[in-house]
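Need coordinates for the following:
(chains A and B)
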Amino acid sequence: GAGVSQSPSNKVTEKGKDVELRCDPISGHTALYWYRQRLGQGLEFLIYFQGNSAPDKSGLPSDRFSAERTGESVSTLTIQRTQQEDSAVYLCASSLTRGGSTDTQYFGPGTRLTVL
Amino acid sequence: SQKIEQNSEALNIQEGKTATLTCNYTNYSPAYLQWYRQDPGRGPVFLLLIRENEKEKRKERLKVTFDTTLKQSLFHITASQPADSATYLCALPDSSASKIIFGSGTRLSIRP
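Okay, the predicted model is just below:
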């Protein structure tokens, strides 16, 4: 079946512009995560959606970052007034539900963001 | 808060040998722990999950152990091959079990 997809795969933008990154999770997966990965670094948690619960936004680095999810489908991560330090790969993952073995996360290929 | 420690130094192993990677956590013992593989330019891929009541889990050439006393998981690849070269990440649920947190990963390189 289809895996997690993300678009665009690459995005180059100028400092100060807004960008929108999209994630299509696996159908039926109620949980969706966004991570940031800088070059050569580990995964940095950004935000987590679980069903209709309020999202866990504890990882968002500043108020320039926001994310939305419509029901249990597509999610959009928006970065306003981008800075060069925002350059990274943004990874999205989905999982069937929360807790137990079903928390296995399936990752998309990521969006590589470059802020000039 | 929970911290996950993986060896940030790259691990270089001769083909055919067993590679052993370490994941240590600092606070509470999680109900389970996961290992993922990440290749350059790609998202991580799930490999194995081990629960707190399991000492060991195997899958083909992979073996994972979980020692809640030492607060450590070991990930072994036996008969290693150059195709096993990748970064390996461990992950576990945070204290509220509301989300999964990842270690920074260990880069493994298998030389022919």
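
can we go C-alpha only for contacts and neighbour counts from here?
Noted.

What lies in contact with stretch A:11-22?
If you take CA atoms under 8 Å, 6 or more residues apart in numbering or on different chains as the criterion, stretch A:11-22 is touched by A:6-8, A:74-84, A:111-116.

what about the nearest residue to B:Ser80 once chain neighbours are set aside, neighbour count?
Of all residues not flanking B:Ser80 in the chain, B:Gly16 sits nearest, at 4.7 Å (CA to CA, 6 or more residues apart in numbering or on different chains). The number of residues packed near B:Gly16 is 15, by other CA atoms under 10 Å in any protein chain shown.

before we move on, what about B:Asn53?
11.

Which strand or helix spans the residue nearest to B:Ser80?
B:Gly16 belongs to no helix or strand when elements are defined using DSSP states H and E.

in chain A, which ranges drop under the pLDDT threshold?
A:1, A:98-102 (pLDDT under 70).

sec struct for the residue nearest in space to the middle of it, please.
The residue lying closest to the centre of chain A (CA atoms, centre = their mean) is A:Trp34, at 2.9 Å. On the three-state scheme (DSSP: H, G, I helix; E, B strand; the rest coil), A:Trp34 is labelled strand.

which regions of chain B sit below the pLDDT cut-off?
In chain B (pLDDT under 70), the answer is B:97.

if I pick the residue nearest to B:Ser80, what's in contact with it?
Residues near B:Gly16 by CA under 8 Å, 6+ apart: B:78-81.

Recalculate using a threshold of 7 Å.
By CA atoms under 7 Å, 6 or more residues apart in numbering or on different chains, B:Gly16 lies in contact with B:79-81.

Can you redo those as JSON lines, where the extra columns are secondary structure?
As requested, the contacts of B:Gly16 are exported to JSON lines (three-state DSSP):
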{"residue": "B:Ala79", "secondary structure": "coil"}
{"residue": "B:Ser80", "secondary structure": "coil"}
{"residue": "B:Gln81", "secondary structure": "coil"}
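
What's the PyMOL line that selects buried ones from the contacts of stretch A:11-22?
A single PyMOL command selects the buried members of these (16 or more other CA atoms under 10 Å in any protein chain shown):
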select buried, chain A and resi 6+7+74+75+76+77+78+79+80+82+83+111+112+113+114+115
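
Next, count neighbours for residue 50.
Assuming you mean chain A. 23.

my bad, the chain I had in mind was chain B
Neighbour count of B:Ile50, defined by other CA under 10 Å: 20.

cool, A:Ala2 as well?
8.

how close does B:Trp35 get to chain A?
The gap separating B:Trp35 from chain A is 10 Å, by CA to the nearest CA, to the nearest Å.

Pull up the pairing partners for the helix or strand containing that residue, direction included.
Using DSSP H and E, B:Trp35 maps to strand B:32-38. Strand B:32-38 pairs in its sheet with strand B:45-51 (antiparallel), strand B:86-93 (antiparallel), by DSSP bridges.

between those strands, which gets nearest to B:Gln6?
Closest to B:Gln6 of the strands paired with strand B:32-38, according to CA to CA: strand B:86-93, at 7.9 Å.

Tell me the helices and strands packed up against the following helix or strand past the closest one.
Using DSSP H and E, the next helix or strand after strand B:86-93 towards the C-terminus is strand B:100-102. When contacts are defined as 3 or more CA pairs under 7 Å, 6 or more residues apart in numbering or on different chains; DSSP states H and E, strand B:100-102 packs onto strand B:86-93.
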